[in-house]
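> what's the 3D shape of this:
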Amino acid sequence: MARIAGVDLPKNKKVVFALPYIFGIGPTLAKKICAEANLDPEKRTDDLNEDEVRRIREIIDAKYKVEGDVRREASMNIKRLIDLGAYRGSRHKKGLPVRGQRTHTNARTRKGPRKAIIRKAAAPSA
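Predicted coordinates for the structure are as follows:
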């Protein structure tokens with residue numbers, strides 16, 4: 001099993017489809033990496049030898065930000081918006097949609113499950 005950037009690539013998948021399991025690498029970047037490493041994109045991860053895994057690892061380490069670096073950068077960008085007091089930062093802080101979507105209906109992904117409104121029971125009349 002190939003381990004690159006702290007991620008175990010899935011067995012018996014083509015390299016071009018296995019590389020996007022690494023956070024920060026998408027389909028297009030996976031094809032570029034295969035081309036730079038002189039790898040057949042159709043080759044399965046099980047069939048990779050140590051030299052090919054080393055070439056992929058070196059290319060990723062030298063040229064691309066992946067995993068923790070990308071996650072850290074994204075969280076720092078959000079933190080910067082919050083610290084600036086930007087409108088987008090306040091939306092992140094409140095857990096609401098950031099890019100202008102409506103919230104009257106929908107937006108359940110950001111807002112979470114519905115919260116029931118509990119009304120006070122009517123006082124018993126004597």
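> just checking, next helix/strand downstream of the helix or strand containing Leu81?
Here Leu81 is covered by helix 68-84, with elements defined by DSSP states H and E. Proceeding C-terminally, helix 68-84 gives way to helix 87-94 as the next helix or strand, assigned by DSSP H and E.
> would you mind measuring from the residue nearest to the spatial centre of the chain to Lys14?
By CA atoms, centre = their mean, the mean C-alpha position of the chain lies nearest to Phe23, the distance being 5.8 Å. Applying CB to CB, to the nearest Å, one obtains 19 Å for the distance of Phe23 from Lys14. Every C-beta, even on glycine, is put in place using the N, C-alpha and C of the backbone.
> okay, strands next: where are they in this structure?
Secondary structure of the chain (DSSP state E): strands located at 3-4, 7-8.
> these: which one's closest to Ala37?
strand 3-4 (11.2 Å; CB to CB).
> strands paired with that closest one, and their directions?
When sheet partners are counted by DSSP bridges, strand 3-4 sits next to strand 7-8 (antiparallel).
> distance from the partner strand to the middle of the chain?
Centroid displacement of strand 7-8 relative to its chain, using CA atoms, centre = their mean, to the nearest Å, is 15 Å.
> what are the contacting residues of stretch 102-118?
Gly95, Leu96, Pro97, Gln101 (CB atoms under 8 Å, 6 or more residues apart in numbering).
> which residue packs closest to the first one, ignoring adjacent ones?
Just to be clear, that refers to Gly95. Among residues not flanking Gly95 along the chain, Arg110 sits closest, at 6.0 Å (CB to CB, 6 or more residues apart in numbering).
> pLDDT of stretch 24-44, averaged?
Stretch 24-44 carries an average pLDDT of 91.
> okay, Arg80 and Val66: tell me how far apart.
Relative to Val66, Arg80 is positioned 21 Å away (criterion: CB to CB).
> got any ranges where this protein has weak pLDDT?
Residues of the chain that meet the criterion pLDDT under 70 lie in 1, 121-123, 125-126.
> which helices and strands sit right next to the helix holding Leu81?
helix 87-94 (3 or more CB pairs under 8 Å, 6 or more residues apart in numbering; DSSP states H and E).
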